[in-house]
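Trainee: Make a model of this:
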Amino acid sequence: MANSLKICLEFSGGAELLFDMVKKHNVSLPQNSQPWTIKSLLVWIKDNLLKERPELFVQGDTVRPGILVLINDVDWELLGELEYQLEENDRIVFISTLHGG
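Mentor: Coordinates of the predicted model:
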C-alpha cells in the first residue's frame, strides 16, 4: 500500500486487555482525504482494533480520563492532543492508569 501511513500503536498498563492482550500493533492507515490526526486515529482504533468494552478506552471523541497518551515518547498534551497530525513511523502509546482496588 504505497498510499498508506505506517505507525506503531502500543497499549499497556491494562489497556492491552481491550485489544486481545496484544500490546504492540504495527498498522498501515489507509490514505485519507484529510491528514490523519489523533482524533481520526481513535475512531479507526475503535472500529478496527478494539475488541471489547469501548467505554473503557474512549469517551466521546477522546480517550477516557486515566489513559496517558504518548506520541514518540512525548506527552500528547504538549503536541496538540487530538489535533496532532500523524507522521510516518510515529509511535503512539496508550497507558492505562485505571486500576481496581
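
Trainee: contacts, neighbours, all on C-alpha from now
Mentor: Noted.

Trainee: Gln59 and Arg53, how far apart?
Mentor: Distance, Gln59 to Arg53, by Cα to Cα, to the nearest Å: 11 Å.

Trainee: And Thr62, by the same measure?
Mentor: For Thr62, the distance to Arg53 - Cα to Cα - is 15 Å.

Trainee: out of the two, which sits in the busier spot?
Mentor: Thr62 (15 against 12; other Cα atoms under 10 Å).

Trainee: pLDDT score assigned to that one?
Mentor: pLDDT recorded at Thr62 is 96.

Trainee: Val74 too?
Mentor: Turning to Val74, the model gives it a pLDDT of 98.

Trainee: Also the one 10 residues further on?
Mentor: Taken from the predicted model, the pLDDT recorded for Tyr84 is 98.

Trainee: That one against Ile38, yeah?
Mentor: Yes: shown here, Tyr84 and Ile38 form a contact pair, counting by Cα atoms under 8 Å, at 5.8 Å.

Trainee: between those two, who's got more neighbours?
Mentor: Ile38 (22 against 17).

Trainee: Next, count neighbours for the closest residue in space to that one that isn't next to it in sequence.
Mentor: Of all residues not flanking Ile38 in the chain, Leu82 sits nearest, at 4.8 Å (Cα to Cα, 6 or more residues apart in numbering). By other Cα under 10 Å, the residues close to Leu82 number 17.

Trainee: And Glu88, by the same measure?
Mentor: Glu88, neighbours per other Cα under 10 Å, totals 12.

Trainee: got it, and Asn3?
Mentor: So Asn3, with other Cα under 10 Å, has 10 neighbours.

Trainee: Contacts only, for it.
Mentor: Taking Cα atoms under 8 Å, 6 or more residues apart in numbering, we find Asn3 in contact with 30-31.

Trainee: I'd like to know how far it sits from Asn72.
Mentor: To Asn72, Asn3 is 22 Å away according to Cα to Cα.

Trainee: I'm done for today, thanks for sticking with me.
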